[in-house]
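Novice: Sequence unavailable; structure follows:
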């Protein structure tokens, strides 16, 4: 049924829609909201990376509540809630990676190369953490 498919896709669209208004609380025009391009793709990459690592959608709820959190709440970067950090196992490298991608102002979002470097650093740090835990006979949840 097409209606069911559309309903299922609405959450994913809302969950990965980038705030393309430069982080502004006012003066948003329709043309600015419909911008698409690499900066929007970067935002979506951050959302999808979170979803893959955490096994949960980053932004749940209706469009209005998601928009309020993304656009109207303070700061240059979206900050993960404690519950969202918990889904990432409170692993600082993963939290920093996601928050580093989710920059509200599209002109300040990291480039793909900067993200690649951050991923490599996170991978290296996680590898060291797992190695230390293995040497100590402990277990690390990721």
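Specialist: Good, I have the coordinates. Bear in mind that the values here come from a model prediction, so they are computed numbers and not experimental data. Residues are numbered from 1 along each chain as shown.
Novice: can you pull out the strands in the chain?
Specialist: With DSSP state E, there are no strands along the chain.
Novice: my guess is residue 69 contacts residue 58, does it?
Specialist: No: under the criterion of C-beta atoms under 8 Å, residue 69 is not in contact with residue 58, lying 10.0 Å apart. Any C-beta I mention is one placed from the backbone N, CA and C, and that applies to glycine too.
Novice: more crowded one of the two?
Specialist: Set residue 69 next to residue 58 and count neighbours by other C-beta atoms under 10 Å: residue 58 wins out with 23 against 16.
Novice: So what does that one have for phi and psi?
Specialist: When read as degrees, to the nearest 10, the backbone of residue 58 gives phi -70, psi -50.
Novice: For it, give its distance to residue 113.
Specialist: 23 Å (C-beta to C-beta, to the nearest Å).
Novice: So which residues of the protein form helices?
Specialist: 2-16, 30-33, 38-54, 63-67, 82-87, 92-101, 112-135 (DSSP state H).
Novice: Compare those helices and give me the one nearest residue 76.
Specialist: Nearest to residue 76, of all the helices of the chain, is helix 92-101, at 10.3 Å by C-beta to C-beta.
Novice: Report all helices and strands that that closest one contacts.
Specialist: helix 38-54, helix 112-135 (3 or more C-beta pairs under 8 Å, 6 or more residues apart in numbering; DSSP states H and E).
Novice: The same query, at a cut-off of 10 Å, please.
Specialist: helix 38-54, helix 82-87, helix 112-135 (3 or more C-beta pairs under 10 Å, 6 or more residues apart in numbering; DSSP states H and E).
Novice: Tell me the buried residues in the last one?
Specialist: Using 16 or more other C-beta atoms under 10 Å as the test for burial, helix 112-135 gives 115, 118, 122, 125.
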